[in-house]
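Engineer: Everything below, folded, please.
(chains A and B)
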Amino acid sequence: MDLRTMTYLVVGASFALYFGIAIWARAGSTGEFYAAGRGVHPVANGMATAADWMSAASFISMAGLIAFQGYEGAKFLMGWTGGYVLLAMLLAPYLRKFGKFTVPEFIGDRFYSNTARFVGVLCLITISITYVIGQMRGVGVAFSRFLEVPVDVGIYAGMAIVFVYAVLGGMKGITYTQIAQYIVLILAYTIPAIFISMNLTGNPIPQLGLIGNHVSGVPLIQKLNETIQAIGFGAYDGPVRSQLDMFLYTMSLMIGTAGLPHVIIRFFTVPKVADARWSAGWALVFIAILYTTAPAVGAMARLNLTQTLWPNGAQGEAMSIEQRPQWFKNWETTGLLKYEDKNKDGKLEYYNPKGAKAGENELTKIDNDIMVLANPEIAALPNWVIALVAAGGLAAALSTAAGLLLAISSSISHDLIKGMINPNISERAELNAARLSMVFAIGVAAYLGLNPPGFAAQVVALAFGLAASSIFPVLMMGIFSKRINSHGAILGMVTGILTTLVYIFWFKGWFFFPGTEMAKNVPENWFLGISPEAFGAIGALINFTVAYVVSMVTAPPPQHIQDLVESVRIPRGAGAATGH
Amino acid sequence: MATQNGNGAAYWAANLRLVAFCLVIWFVVSFLMGILLRPMLKGIMVGGMDLGMWMAQQGSIYVFVVLIFFYAVRMNQLDRKFDVHED
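Structural biologist: Coordinates of the predicted model:
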């Protein structure tokens, strides 16, 4: 069977599965639409959280980022997993005990202020919209590459699929499709990794292959160092430019992860407070399977690629352009790979284009994403594995998109419509409003996916920066301090967001409009060498400080709020809160 | 309600101690061993990789998983000890 038919078959079968689940798991109440009736088993929720969390970026881009950053790529690995420790110990169990449906709802109730709730809604929508555009693009790219349709058609198709199960089933439909999507994406990620690890190290476990010996007998990392240093790159395990920047970057990703609304609301779906704790552990187990495989894929794919281009080593002859492998031609057509035979010798000489000139580089474009997307083809794996990678990339993008869309739509229908505009809305009318909000959110996401604005590529800076500098601190203080009052919380959030945004805009342009940046985005200009992506941790520190100082000089929160904090800290009674 | 008596306060204090203990480990394995102290750990190898890089790319993630389960088990014990558990 040819690759195209096989891909249609595998992707088609995965979509049929999602549709089946959508019909089975329809939502009949707002409790089911917002929180899956709080009846999800902690292991099942852990799996759904893993799919919710692992986006197109985790699946397609992360291994490639690590491949080219080497050691420093660890900031993504630690940052995007360490946040779950914070979530499990500082937020998830208490927010589950609180027993409501949205993140802004907790902020509004705890700080007895609709202003605070509204600031929360604004942050949530900015974060989730930024994030969802990337997922839309991911769906489009996966469709266009693997199914050979235009990106726009891919986005429409992806939206149609999410429409069916998200509008019908809300959180309930999303939860069960995410479980199926996790299984598809983890198989699609690990199977090629096992093959490539076998080829390069003889060890079928990529995590062990990474620290083991290359088939030539020397350690894999040493072999990789020698191979890339010969063509002008720095050592794979070399030191970082700035330890401070890596520290703050990692911290921003960790607290940003813990503050992402679409991840937090997943913990509202389990029956008990104890389940929220277990569930965070299971989520990280399922995430760790991919996240500990990714650095092995990155290192091995980079070695594989470099050796393909220099089949006899950098001292020998480079790859003949005429005899370049089929996968190379396939990916040229997508624009992810480009070459130019500058010296017209019929060979493709690959050198570090920026490094100390070992020679003239002729590989003019190599996209990070190629490391995962082309991996099965580079390792000459059977067609069904390539088809599975297509289904996996789509599963990763669709599952995250659905979680984000639910966070957006529940905030519109529950925080804005029920919370602020029409508090007397009936249960039935709110469920309809929730479904309509979902339709609206899907429409906005599709539009922005088709016409990506300047901020679409700024997920790490904007989404994680905002979640780190506003949502994480305000939630943590709301639980761990009885003294923080509404003035402190609001001013803390506002100063945290503003300093973070101004710092990002300063180097990336006001609202990301090209040409409006105040200084060139290079390490020499950064404050203490801190990159805009790493500034969320500083924003969080400012938020904490301002909130504390302001609260101390103003009146403490009223008694019923202090009682609320007391009750959130105690597990008993969480079951009673399910009926809201 | 258990929240209004001394039980709640003692439970909360025990929880804070446990969280602090776990977060110290969280910090040491990632930020210290994986980033700040990596140059000092240069000579120690895990297979073909130096310990600092291995902690940053592999080890810290394993420790995070163990930490969350340890926390969940200990908190369940504390919930019962202070009689604030569910059902």
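
Engineer: Could you use CA atoms for every contact and neighbour count after this?
Structural biologist: OK.

Engineer: near chain A, which residues of chain B?
Structural biologist: Contacts of chain B with chain A, taken as C-alpha under 8 Å from any C-alpha of the partner chain, map to B:3-4, B:8, B:12, B:19, B:26, B:30-31, B:35-36, B:46-49, B:53, B:56-58, B:60-62, B:64-65, B:67-69, B:71-72, B:76, B:79, B:84-87.

Engineer: what's the neighbour count on the nearest residue to residue A:181 once chain neighbours are set aside?
Structural biologist: Closest residue to residue A:181 apart from its sequence neighbours, by C-alpha to C-alpha, 6 or more residues apart in numbering or on different chains: residue A:395 at 5.0 Å. Residues contacting residue A:395 under the criterion other C-alpha atoms under 10 Å in any protein chain shown number 33.

Engineer: Tell me who's in contact with residue 10.
Structural biologist: No chain was given, so I picked chain A. Listed by C-alpha atoms under 8 Å, 6 or more residues apart in numbering or on different chains, the contact partners of residue A:10 are A:384, A:387-388, A:391.

Engineer: right idea, wrong chain: chain B
Structural biologist: By C-alpha under 8 Å, 6+ apart, the neighbours of residue B:10 are residue B:82.

Engineer: Distance check, it against residue A:391.
Structural biologist: Going from residue B:10 to residue A:391 by C-alpha to C-alpha, to the nearest Å gives 51 Å.

Engineer: do residue A:168 as well
Structural biologist: Taken as C-alpha to C-alpha, the span from residue A:168 to residue A:391 is 23 Å.

Engineer: now, which of the contacts of residue A:10 sits nearest residue A:179?
Structural biologist: residue A:391 (14.3 Å; C-alpha to C-alpha).

Engineer: Tell me if I'm right that that closest one and residue A:187 touch.
Structural biologist: No: judged on C-alpha atoms under 8 Å, residue A:391 makes no contact with residue A:187 at a distance of 10.0 Å.

Engineer: Between the two, which is the more surrounded one?
Structural biologist: Between residue A:391 and residue A:187, counting by other C-alpha under 10 Å, residue A:391 is the more crowded of the two (28 against 17).

Engineer: Report pLDDT for that one.
Structural biologist: At residue A:391, the pLDDT value in this model is 91.

Engineer: Can you check my assumption that it lies in a strand?
Structural biologist: No: under DSSP: H, G, I helix; E, B strand; the rest coil, residue A:391 falls outside any strand and is assigned helix.

Engineer: Is the residue nearest to the spatial centre of chain B in a helix, a strand, or coil?
Structural biologist: By C-alpha atoms, centre = their mean, the mean C-alpha position of chain B lies nearest to residue B:22, the distance being 2.4 Å. Taking three-state DSSP as the rule, one finds residue B:22 in the helix state.

Engineer: what's the nearest residue to it if we skip its chain neighbours?
Structural biologist: That would be residue B:67: by C-alpha to C-alpha, 6+ apart, it lies 6.5 Å from residue B:22.

Engineer: Now that neighbour: which helix or strand?
Structural biologist: helix B:60-81 (DSSP states H and E).

Engineer: and that helix, which residues are buried?
Structural biologist: Within helix B:60-81, the residues scored as buried using 16 or more other C-alpha atoms under 10 Å in any protein chain shown are B:60-69, B:71-72, B:75-76, B:78-79.

Engineer: ok, residue A:11 touching residue A:390?
Structural biologist: Yes: using C-alpha under 8 Å, residue A:11 is in contact with residue A:390, at 7.1 Å.

Engineer: What's the local residue count around residue A:313?
Structural biologist: When neighbours are defined as other C-alpha under 10 Å, residue A:313 has 18 of them.

Engineer: What is the burial count for the residue of the stretch 51-200 of chain A found nearest chain B?
Structural biologist: As assessed by C-alpha to the nearest C-alpha, chain B sits closest to residue A:74 within the stretch 51-200 of chain A, at 5.1 Å. For residue A:74, the neighbour count with other C-alpha under 10 Å is 25.

Engineer: host element of it?
Structural biologist: Take DSSP H and E as the rule and residue A:74 turns out to sit in helix A:74-86.

Engineer: Also residue A:496?
Structural biologist: helix A:486-508.

Engineer: Show me which residues of that helix are buried.
Structural biologist: A:486-501, A:503-508.

Engineer: what helices or strands is it leaning on?
Structural biologist: In this structure, helix A:486-508 makes packing contacts with helix A:114-146, helix A:465-466, helix A:472-480, helix A:536-553, judged by 3 or more C-alpha pairs under 8 Å, 6 or more residues apart in numbering or on different chains; DSSP states H and E.

Engineer: Recalculate using a threshold of 7 Å.
Structural biologist: With contacts taken as 3 or more C-alpha pairs under 7 Å, 6 or more residues apart in numbering or on different chains; DSSP states H and E, helix A:486-508 sits against helix A:536-553.

Engineer: Contacts for the helix it packs on, please.
Structural biologist: A:248, A:251-252, A:465-466, A:468-470, A:473, A:483-485, A:487-489, A:491-493, A:495-497, A:499-500 (C-alpha atoms under 7 Å, 6 or more residues apart in numbering or on different chains).

Engineer: Secondary structure element for the residue nearest to residue A:181, which one?
Structural biologist: Here residue A:395 is assigned to helix A:383-410, by DSSP H and E.

Engineer: Next SSE downstream of that helix?
Structural biologist: Assignment by DSSP H and E places the next element after helix A:383-410 at helix A:427-450.

Engineer: which other helices and strands contact that following helix?
Structural biologist: Short answer (3+ C-alpha pairs under 7 Å, 6+ apart): helix A:427-450 packs on helix A:114-146, helix A:151-201, helix A:383-410.

Engineer: try 8 Å
Structural biologist: By 3+ C-alpha pairs under 8 Å, 6+ apart, helix A:427-450 packs against helix A:30-35, helix A:114-146, helix A:151-201, helix A:383-410.

Engineer: number of nearby residues for residue A:520?
Structural biologist: 14.

Engineer: measure it to residue A:170 for me?
Structural biologist: From residue A:520 across to residue A:170, the span is 44 Å (C-alpha to C-alpha).

Engineer: What of residue A:394?
Structural biologist: According to C-alpha to C-alpha, residue A:394 and residue A:170 sit 20 Å apart.

Engineer: same question, residue A:220
Structural biologist: 46 Å.

Engineer: And for residue B:22?
Structural biologist: Separation of residue B:22 from residue A:170 (C-alpha to C-alpha) stands at 35 Å.

Engineer: Same check on residue A:518?
Structural biologist: Distance, residue A:518 to residue A:170, using C-alpha to C-alpha: 43 Å.

Engineer: Can you pick out the residue with more neighbours from those two?
Structural biologist: For residue A:518 versus residue A:170, the count of surrounding residues by other C-alpha under 10 Å is larger for residue A:170: 35 against 13.

Engineer: For the more buried one, give me its contacts.
Structural biologist: A:26-27, A:32-34, A:36, A:406, A:435 are the contacts of residue A:170 under C-alpha under 8 Å, 6+ apart.

Engineer: Pick the one among these closest to chain B.
Structural biologist: For these, the nearest to chain B is residue A:36 (20.3 Å; C-alpha to the nearest C-alpha).

Engineer: Do me a favour and get the end-to-end distance for stretch A:477-484?
Structural biologist: End residues of stretch A:477-484 are separated by 7 Å (C-alpha to C-alpha).

Engineer: which parts of it are buried?
Structural biologist: In stretch A:477-484, counting by 16+ other C-alpha under 10 Å, buried: A:477-480, A:482-484.

Engineer: Find me the pLDDT at residue A:563, would you?
Structural biologist: On the pLDDT scale, residue A:563 is placed at 93.

Engineer: Oops, could you answer that again for residue A:368 instead?
Structural biologist: At residue A:368, the pLDDT recorded in the model is 84.
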